[in-house]
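> What follows is a predicted structure for the sequence shown.
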Amino acid sequence: ELKERYYHGFCRRYLSPIMHNQLQVAHGDDPFRQHEWQSYCEVNRLFATKVLEVYAESSMIWVHDYHLLLLPSCILRKMRTAKIGLFL
């Protein structure tokens, strides 16, 4: 269920159209869903925890695409000196 809300919900139904300039809000139908946003945040925090388990000071962390846009922030809150690259 977390994957469904995170990936098929927030990433595919909300972020993907925004990132590809295809968001269409017709007749006031806002595609944003709070519970999907919360799942997106949770998954990004889970990824941050896993990354920090294997992170070394000499490491460079690469984050790829809109699925993990919050990941750099989640990591930097716990490891201020982490080196992070973001590719969209």
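Arrived safely.

> residue boundaries of the strands in the chain?
Counting by DSSP state E, the chain has strands at residues 60-64, 83-87.

> Check which helices and strands the last one sits against.
Counting contacts by 3 or more Cβ pairs under 8 Å, 6 or more residues apart in numbering; DSSP states H and E, the secondary-structure elements packed against strand 83-87 are strand 60-64, helix 71-78. All C-beta spots, glycine's among them, are computed from the backbone N, C-alpha and C.

> Leu76 is nearest to which of the strands of the chain?
Among those, the nearest to Leu76 by Cβ to Cβ is strand 83-87 (7.1 Å).

> Give me every residue in contact with that closest one, excluding its own residues.
With contact meaning Cβ atoms under 8 Å, 6 or more residues apart in numbering, strand 83-87 is reached by Ser59, Met60, Ile61, Trp62, Val63, His64, Asp65, Leu69, Pro72, Ile75, Leu76.

> and if you look at stretch 29-38?
Where contact means Cβ under 8 Å, 6+ apart, the residues beyond stretch 29-38 that reach it are Arg5, Tyr6, Gly9, Phe10, Arg13, Tyr14, Pro17, Leu23, Val25.

> Give the buried residues for it.
Across stretch 29-38, burial judged by 16 or more other Cβ atoms under 10 Å covers Glu36.

> How far off centre is that stretch?
The chain centroid and the centroid of stretch 29-38 are separated by 14 Å under Cα atoms, centre = their mean, to the nearest Å.

> Which helix in this protein has the most residues?
Here the longest helix in the chain is taken by residue count, with DSSP state H as the criterion, and it is helix 34-54.
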